[in-house]
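1. sequence and predicted structure are below.
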Amino acid sequence: MTEPLRVALAGLGTVGGGVIRLIDANRELIARRAGRPIEVVAVSARDRAKDRGVDISRFTWVDDTAALANHAKADVVVELVGGSDGPALALARATLAAGKGFVTANKAMMAHHGLELAEAAEAKGTALKFEAAVAGGVPVIKSLREGAAANEIGRVYGILNGTCNFILSKMEAEGRGFDEVLAEAQALGYAEADPSFDIDGVDAAHKLSILASLAFGTRPAFDRVEVTGIRHVIAADIAEAAALGFRVRLVGIAEAGAHGLFQRVHPHLVPLDHPLAHVVGSTNAVVAEGNYVGRLLFQGAGAGDGPTASAVVADLIDIARGEFGPPYAMPAKSLSELPAADPGERRGRAYLRFTVPDKVGVLAEIAAAMRDAGVSIESLIQRGAAEDGSVLVAIVTHEVPERAVAQALEKLRGSQSVAGQPMWMPLLGG
Ligand SMILES: NC(=O)c1ccc[n+]([C@@H]2O[C@H](COP(=O)([O-])OP(=O)(O)OC[C@H]3O[C@@H](n4cnc5c(N)ncnc54)[C@H](OP(=O)(O)O)[C@@H]3O)[C@@H](O)[C@H]2O)c1
């Protein structure tokens, strides 16, 4: 067999440990598939003494993570530290500048700095691979870059955050409130101690911007993703959605066309006959619609040491084979820049939920605001008074422009008839 591909590994946490275990377990098979062995030669993390459940004494320990970039024995660097900037970015820049291949699972860094890193990789003719950065073990990046490469893709969307899907699925299955389920998810290790990146939709937005760029051949535009997380979804929203034949899911959706580039992460009502309605627990799923292939659905584990390591090592196998092209499937200079689409022009049905006082005239005021804005109501449910005397009103609109719904909500802003912030969720169409 020919020379091994020698790997320097930064980060020995959940994913880093998984990569070492996977390479150990499948060593022979990987060598046959890659045409040569893949060997970890050097590692780096913060704490050398930490027990990691795998033997790292056989590797060279490097205190300074950035120094892995120029490690004499390494052909390629794997970054599993995390964070959009800091040591991960310094290592990426230094590795690519040294002309070595770079593999990462870091969606935050790719969302913020992907274009710069792709340009650096292309300038040196080296690999920049990031399969694990989107949907963990699900090979969606490879599928878009290669399998669907002949298609014009108009829309890519999916369930991109396992923590949110776990919380929403559990709220639905057990009829419990958001705060209670979040606390349980944290206790079980499904949610971070600081869960905001997940539950506020930022993590999904990172992944969506990467997918959009690959799917449409556009420059990554994370700063133009509209982001709303699941904090304000209440148990009653999920119950009303179920009564209407929908499930609530945090969906990231991107579209490109004559109207420009549209990117949004928002809780949606997903009809029960749509595959995304059946994605439960911490699973991720991505749908891409190509003009020749039709609808593609990718689904699987979006996180965890095994699935994420599977994606990282698949990238290493490609590099070992010498099979890699431009990181975004076309040279960075060929990526186009689309103007942002106007979300107000989008047409669709929507779910609206209001908490209102139990008194005469409230429904009439809401209905008048809808009528004045040109929003026609398909169904309206009013649920009896809660302990505090408030009543829940849930509305599904006919297909209307989003601008009209926004106008109706604006008319009701500050009204005595509406307590708190109304909830708006689009219905996933198509
Ligand atoms: N966990 C998943 O399921 C998953 C899925 C997809 C993508 N990812 C991505 O994979 C990356 C790693 O995630 P993870 O879950 O494995 O994280 P993790 O368990 O927190 O591990 C992070 C590792 O990085 C090391 N590290 C942290 N700060 C460092 C610094 N300043 N200098 C050097 N090393 C440092 C830590 O060292 P010590 O161990 O010594 O503290 C640890 O070994 C992230 O970008 C994440 O978004 C994770």
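-> Structure's in. What do you need?
2. got phi/psi on whatever residue of the stretch 201-350 of the chain ends up closest to the ligand?
-> Residue nearest to the ligand within the stretch 201-350 of the chain: Ala303 (3.2 Å; CB to the nearest ligand atom). C-beta here means a position set from N, CA and C on the backbone, and glycine is covered the same way. According to degrees, to the nearest 10, the main-chain angles of Ala303 amount to phi -160, psi -180.
3. what does Gly294 give?
-> Torsion angles at Gly294 (phi, psi; degrees, to the nearest 10) stand at phi 80, psi -150.
4. about what we covered before: got a list of what the residue of the stretch 201-350 of the chain closest to the ligand touches?
-> Gly136, Gly162, Ser282, Asn284 (CB atoms under 8 Å, 6 or more residues apart in numbering).
5. out of those residues, which one has the weakest pLDDT?
-> Taken together, the contacts of Ala303 show their lowest pLDDT at Ser282, with 90.
6. got the contact list for the residue lying closest to Gly361 once chain neighbours are set aside?
-> With sequence-adjacent residues excluded and distances taken as CB to CB, 6 or more residues apart in numbering, Gly361 is closest to Ser417, at 7.3 Å. Residues near Ser417 by CB under 8 Å, 6+ apart: Val356, Pro357, Gly361, Val362, Glu365, Ile366.
7. up against the ligand, what does the stretch 151-300 of the chain have?
-> By CB under 6 Å from any ligand atom, no part of the stretch 151-300 of the chain sits against the ligand.
8. which stretches in the stretch 151-300 of the chain count as helices?
-> For the stretch 151-300 of the chain, the helices defined by DSSP state H, counting those that start in this stretch occupy 162-174, 178-187, 196-199, 202-216, 235-243.
9. most tightly packed of those?
-> helix 202-216 (a mean of 27; mean count of other CB atoms under 10 Å).
10. tell me the mean pLDDT over that helix?
-> Mean predicted confidence for helix 202-216 is 98.
11. cool, and stretch 70-79?
-> According to the model, stretch 70-79 has a mean pLDDT of 97.
12. buried stuff in it?
-> Neighbour counts over stretch 70-79 (16 or more other CB atoms under 10 Å) mark His71, Ala74, Asp75, Val76, Val77, Val78, Glu79 as buried.
13. how about stretch 253-266?
-> Buried residues in stretch 253-266 (16+ other CB under 10 Å): Ile253, Ala254, Glu255, Ala256, Leu261, Phe262, Gln263, Arg264, Val265, His266.
14. what's the nearest residue to whatever residue of the chain ends up closest to the ligand if we skip its chain neighbours?
-> In the chain, the residue that lies nearest the ligand is Gly13 (1.9 Å; CB to the nearest ligand atom). Distances taken as CB to CB, 6+ apart put Leu80 closest to Gly13, at 6.9 Å, once the chain neighbours are dropped.
15. neighbours of that neighbour, how many?
-> Using other CB atoms under 10 Å, the number of residues around Leu80 comes to 25.
16. circling back: gap between the residue of the stretch 201-350 of the chain closest to the ligand and Asp198?
-> Taking CB to CB, to the nearest Å as the measure, Ala303 and Asp198 are separated by 10 Å.
17. list the contacts of the closest residue to Glu172 other than its chain neighbours.
-> Of all residues beyond its chain neighbours, the one nearest Glu172 is Ile238 (4.9 Å), with distances taken as CB to CB, 6+ apart. If you count contacts by CB under 8 Å, 6+ apart, Ile238 has them with Leu168, Met171, Glu172, Gly175, Arg247, Val248.
18. let me have those residues in TSV, extended by pLDDT.
-> Formatted as TSV, the contacts of Ile238 follow (pLDDT from 0 to 100):
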residue	pLDDT
Leu168	97
Met171	96
Glu172	96
Gly175	95
Arg247	98
Val248	98
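19. of those residues, closest to Val62?
-> Nearest to Val62 among the contacts of Ile238 is Leu168, at 41.5 Å by CB to CB.
20. from Pro275, how far off is the closest one?
-> Counting by CB to CB - Leu168 and Pro275 are separated by 16 Å.
21. ok, His268 next?
-> Taken as CB to CB, the span from His268 to Pro275 is 13 Å.
22. which one's more surrounded, these two?
-> Neighbours were counted for His268 and for Pro275 using other CB under 10 Å; His268 has more, 29 against 13.
23. before we move on, back to that, from the contacts of Ala303, which would you call buried?
-> By neighbour count, with 16+ other CB under 10 Å, those hold Gly136, Gly162, Ser282, Asn284 as buried.
24. surely the first one is in contact with Gly306?
-> No - counting by CB atoms under 8 Å, Gly136 sits too far from Gly306 to count as a contact (9.4 Å).
25. so, in contact with the ligand or not, stretch 94-106?
-> Yes - Stretch 94-106 reaches the ligand (CB under 6 Å from any ligand atom) through Ala105, Asn106.
26. in that stretch, what's buried?
-> Across stretch 94-106, burial judged by 16+ other CB under 10 Å covers Ala94, Thr95, Leu96, Ala98, Lys100, Gly101, Phe102, Val103, Thr104, Ala105, Asn106.
27. what pLDDT does the third one get?
-> Which is Leu96. Leu96 is given a pLDDT of 98.
28. cool, the last one as well?
-> For Asn106, the pLDDT comes out at 97.
29. give me the below-cutoff pLDDT ranges for this structure.
-> By pLDDT under 70, the weakly predicted segments of the chain are 1, 430.
30. run the last query once more with 90
-> Across the chain, the ranges flagged by pLDDT under 90 are 1-2, 188-194, 357-360, 383-390, 414-421, 429-430.
31. what secondary structure does the residue sitting furthest away from the middle of it sit in?
-> No residue in the chain sits farther from the centre than Val360, which is 44.0 Å out by CA atoms, centre = their mean. Classification of Val360 using DSSP: H, G, I helix; E, B strand; the rest coil returns coil.
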